[in-house]
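Asks: How does the following fold in three dimensions:
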Amino acid sequence: VEYNPVFLAHLLVSPDGASGDNAGEGVALRGDTALLGIPDATIGSNPEQGAVRVFQRSANAWSAGQKLIAATGVNFDTDGTTLAFAGDTALVGTSYVPAPVYVFTRNAGSFNQTLRIDMADEQIADAFGASLALWSNIALIGASGDGGTGAFANPYEGSAAVYIDGTAAPVGRVFGDGFE
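Replies: Okay, the predicted model is just below:
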């Protein structure tokens, strides 16, 4: 058997992609479903609002499906920069501007936006949604530029907020020097 380090089974490309969309900046995979973040996609008249393209695999072939677009997205949100996917739930985030993390839930094969999560005290440089993790009913949302508040105030220390059971309010935030 000869080893070949270059192997491409299928290239996932959004059928409506445009130059500068930066597709693939965020990706997630679960079983036969792949999510492709397109953070700089223009949605309607909103430049760089961003979106996520869903791909389904069948018989070893991938096909483009639904496009996930945040209902309250605005110019320069860059949604799809970060993604997490578990079960039938997808988290869609950004790492560049103050913007929410969107929750999309799949039901009967179709994704619908079911929740918008905002960081209550978000500042311009907090980067809420810069990293995402999802397991079962627990979401962990990173804010790499967060400086915290009160006793935990420390500019650019960063934090991660824990969300449970699809709620828009965190059960707590973890900082490098403690739990708030």
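Asks: pLDDT-wise, which helix or strand of the protein ranks last?
Replies: Comparing every helix and strand of the chain by mean pLDDT, DSSP states H and E singles out strand 178-179 as the least confident one, with a mean of 53.
Asks: show me what contacts A99?
Replies: Applying Cβ atoms under 8 Å, 6 or more residues apart in numbering, one finds that A99 lies in contact with D77, T78, D79, G93, F128, G129. Where C-beta positions appear, they are placed from N, C-alpha and C, glycine not excepted.
Asks: ditto for D146
Replies: Shown here is D146, whose contacts under the criterion Cβ under 8 Å, 6+ apart are M119, Q123, D126, A127, F128, Y156, E157, G158, S159, R173, F175.
Asks: any weak-confidence spans in the protein?
Replies: Regions of the chain meeting the criterion pLDDT under 70 cover residues 1-9, 148-156, 175-180.
Asks: Do a quick rundown of the strands in it.
Replies: Applying DSSP state E to the chain gives strands spanning 27-30, 33-38, 51-58, 61-68, 82-86, 89-93, 101-107, 110-117, 128-135, 138-143, 159-164, 172-175, 178-179.
Asks: I'd like to know which elements the second one is packed against.
Replies: Using 3 or more Cβ pairs under 8 Å, 6 or more residues apart in numbering; DSSP states H and E as the contact criterion, the elements in contact with strand 33-38 are strand 27-30, strand 51-58, strand 82-86.
Asks: any chance of those in CSV, plus distance to D40?
Replies: CSV is the format used below for these (distance: least, Cβ to Cβ, whole Å):
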stretch, distance to D40
strand 27-30, 15
strand 51-58, 10
strand 82-86, 14
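Asks: just these: most buried one?
Replies: Burial among these, expressed as mean neighbours by mean count of other Cβ atoms under 10 Å, is greatest for strand 82-86, which shows a mean of 22.
Asks: quick one on the thing from earlier: among the strands of the chain, which is nearest G17?
Replies: With Cβ to Cβ as the measure, strand 33-38 is the member of those nearest G17 (6.9 Å).
Asks: Residues touching the closest one, excluding its own?
Replies: By Cβ under 8 Å, 6+ apart, the list of residues contacting strand 33-38 reads 12, 14, 17, 21-29, 50-57, 62, 68, 79-83, 85, 90, 92, 106.
Asks: nearest to S110, of the helices and strands packed on strand 33-38?
Replies: strand 51-58 (9.2 Å).
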